[in-house]
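>>> Give the three-dimensional model of this entry:
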Amino acid sequence: MRPGLSNLIKYSLFFFNTLFWIASIALIVIGCWALTTKELEGTKMISSAWDFVFDATIIFIIVGLIAFFLASAGCIGALRENVTYLKCFWMFLLAIVSTLLILSIVGFALWPHFLHLAKEKLSVKLIQRYFDDPDLQDIIDFMQKKFKCCGLSDKGFHDWSKNMYFNCTPSNADPRRCGVPYSCCLPQTRVIKK
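Numbers count the residues shown, from 1 in each chain. So this is what the prediction gives:
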């Protein structure tokens, strides 16, 4: 290989891995900051493995750590022309691409099962935890406004009866009883005259 081309590949690999390295540090810092903020506000609740897996702060930290190690191996390997680090970098990339490919195939093959699980189990859990996690509340409100719907399953607004605050039982003394979140309420676009 020509020396000029070799240097171009070496420094471009180093440059892009440095950008990924900086971005990974930013992800870790943002994830730690958000996790700390949630814990200080008392809104951090992990009661099951699903809560851990679907918590955006944990995902940010894990993805940031993986990207940090990957970018570090790429930077050091490219700059020092260290074959061991470049092989580690290549193996990391191969492992990530293989994992994504396998997850895509499994997701495609089991799509009906995942769809049923999301509709029946996950939607109930999200509705029940609506007021427990402000991030979750924002996501649900955004989805209901964006898609002009009320609820997360085919049952529509009846989903909200599973939330302890909106539950319509006589024992519920909350003022929101028999109601729905504000994001369910669609603004009137026209006036109906009789």
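>>> Please enumerate the strands of this protein.
Shown for the chain, no strands are assigned by DSSP state E.
>>> where in it is pLDDT low?
1-5, 43-48, 50-51, 186-194 (pLDDT under 70).
>>> dump the residue contacts of the spatially most central residue of it.
In the chain, the centroid-proximal residue (C-alpha atoms, centre = their mean) is Ala56; its distance is 4.6 Å. By C-beta atoms under 8 Å, 6 or more residues apart in numbering, the contact set of Ala56 is Ala34, Asp135. (Each C-beta comes from the backbone N, C-alpha and C, glycine too.)
>>> Return the distance of it relative to Phe20.
20 Å (C-beta to C-beta, to the nearest Å).
>>> How about Val63?
11 Å.
>>> Compare these two and say which one has the larger neighbour count.
Phe20 (17 against 14; other C-beta atoms under 10 Å).
>>> Next, the contact list for that one, please.
So Phe20 contacts Ala67, Leu70, Ala71, Gly74 (C-beta under 8 Å, 6+ apart).
>>> So this protein: which segments form each domain?
3-109, 131-184 (automatic domain parsing).
>>> can I get those in JSON lines with distance to Lys119?
Shown next, in JSON lines, are these (distance: least, C-beta to C-beta, whole Å):
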{"stretch": "domain 3-109", "distance to Lys119": "15"}
{"stretch": "domain 131-184", "distance to Lys119": "5"}
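>>> Compare those and give me the one nearest Lys125.
Judged by C-beta to C-beta, the one of these that comes nearest to Lys125 is domain 3-109, at 6.6 Å.
>>> Could you check the helix ranked longest in the chain and say which residues are buried?
Ranked by residue count and defined by DSSP state H, the top helix of the chain is helix 3-41. Buried residues in helix 3-41, counted by 16 or more other C-beta atoms under 10 Å: 13-14, 17-18, 20-21, 24, 27-28, 31, 34-35, 38.
>>> now it: how far from the chain's centre is it?
Mean-position distance between helix 3-41 and its chain equals 19 Å (C-alpha atoms, centre = their mean, to the nearest Å).
>>> i'd like the first residue to be 52 from this point on
Okay, using 52 as the starting number, the last item reads as helix 54-92.
>>> what's Ile191 in contact with, if anything?
Contacts for Ile191 (C-beta under 8 Å, 6+ apart) come out as Leu177, Tyr181, Leu203, Pro232, Ser234.
>>> and with 10 Å instead?
By C-beta atoms under 10 Å, 6 or more residues apart in numbering, the contact list for Ile191 reads Ser174, Leu177, Ile178, Arg180, Tyr181, Asp184, Gly202, Leu203, Pro232, Ser234, Cys235.
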